[in-house]
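*Asks:* here is a sequence together with a model predicted from it:
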Amino acid sequence: MDKHRCGWCVGDPLYEAYHDEEWGVPVKDDATLFEFLILETFQAGLSWITVLRKRENFREAFDHFDYQRIANYNQSKIEELLQNPGIIRNKLKVHATVSNAQAFMALQKEFGSFSKYIWDFVDHNPIKNAVQNYKEAPATTPISDAISKDLKKRGFKFVGSTVIYAHMQATGMVNDHEVNCFRYHEV
């Protein structure tokens with residue numbers, strides 16, 4: 001018998017594996033939070049499956065999302081990335097990745113970790129919604145608005161409220177699995 005999954009992932013093996021193993025699982029590790037933040041910023045204006053299909057290419061191109069290395073990328077490395085057909089070659093997003101890595105490290109220095117900073121917005125406990133159909137899930141919330149506003153104030157780019165809410169969903173800060181999805185009670 002097949003497990004019931006959230007409707008957004010059904011029919012694509014890569015999407016289903018991501019849904020079953022990662023999406024909505026609480027992430028407290030800074031390196032993983034940074035990876036998701038970068039992937040979400042590249043996703044802005046595109047579909048998540050587009051980014052997911054290029055995830056391994058992104059991982060290779062961006063030094064396995066090592067924010068300390070990314071923060072020090074020079075113009076030569078940026079030009080190399082902009083020539084890489086395996087990633088989304090958006091000049092503004094590539095530049096934002098470098099500045100976001102720098103802002104990420106500044107935030108770590110101030111709060112001890114990015115995880116502590118971002119999870120403070122939800123009192124370090126995932127918000128468990130009761131989504132009947134994935135299409136009913138919000139695109140933004142007052143919390144994603146607040147995080148977005150604060151990150152922008154700290155120099156982050158491509159971190160609008162919709163991007164931040166998607167990041168919250170992906171990293172388990174909010175559980176937006178459909179209530180009849182097998183993962184709803186597991187995460």
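*Replies:* Everything's here; your move. Quick caveat, the model's predicted, so the values are computed rather than measured.
*Asks:* can you pull the contacts of Leu14?
*Replies:* 49, 52-53 (Cβ atoms under 8 Å, 6 or more residues apart in numbering). For every residue, glycine as well, the C-beta is placed using N, CA and C.
*Asks:* quick one, helices of this protein?
*Replies:* Taking DSSP state H to define them, one finds helices in the chain at 13-21, 30-43, 48-53, 55-61, 67-70, 75-82, 91-111, 114-120, 142-153, 161-170.
*Asks:* and the last one with helix 13-21, angle?
*Replies:* Computed with axes from the mean of the first three to the mean of the last three Cα atoms, to 10 degrees, the direction of helix 161-170 lies at 70 degrees from that of helix 13-21.
*Asks:* show me what helix 161-170 is in contact with.
*Replies:* With contact meaning Cβ under 8 Å, 6+ apart, helix 161-170 is reached by 22-24, 27, 36-37, 40-41, 43-44, 48, 122, 137-141, 143-145, 147-148, 151, 173-174, 176.
*Asks:* put the buried members of those residues into a PyMOL selection.
*Replies:* Buried members of the contacts of helix 161-170, defined by 16 or more other Cβ atoms under 10 Å, are picked up in PyMOL with:
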select buried, resi 22+23+24+27+36+37+40+41+43+44+48+122+137+140+141+143+144+147+148+151+173+174+176
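*Asks:* weed out the non-buried ones from the contacts of Leu14.
*Replies:* Using 16+ other Cβ under 10 Å as the burial test, those include Leu52 as buried.
*Asks:* returning to what we had before: what would the helices of the chain look like in TSV with distance to Val131 and mean pLDDT?
*Replies:* Converted to TSV, the helices of the chain look like this (distance: least, Cβ to Cβ, whole Å; pLDDT from 0 to 100):
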stretch	distance to Val131	mean pLDDT
helix 13-21	13	96
helix 30-43	19	96
helix 48-53	16	94
helix 55-61	25	98
helix 67-70	31	98
helix 75-82	36	98
helix 91-111	29	98
helix 114-120	21	98
helix 142-153	15	98
helix 161-170	10	97
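*Asks:* how far away from the center of its chain is stretch 8-27?
*Replies:* On the basis of Cα atoms, centre = their mean, to the nearest Å, stretch 8-27 is displaced by 13 Å from the centre of the chain it belongs to.
*Asks:* do stretch 142-152 as well
*Replies:* How far stretch 142-152 lies from its chain's middle: 14 Å, per Cα atoms, centre = their mean.
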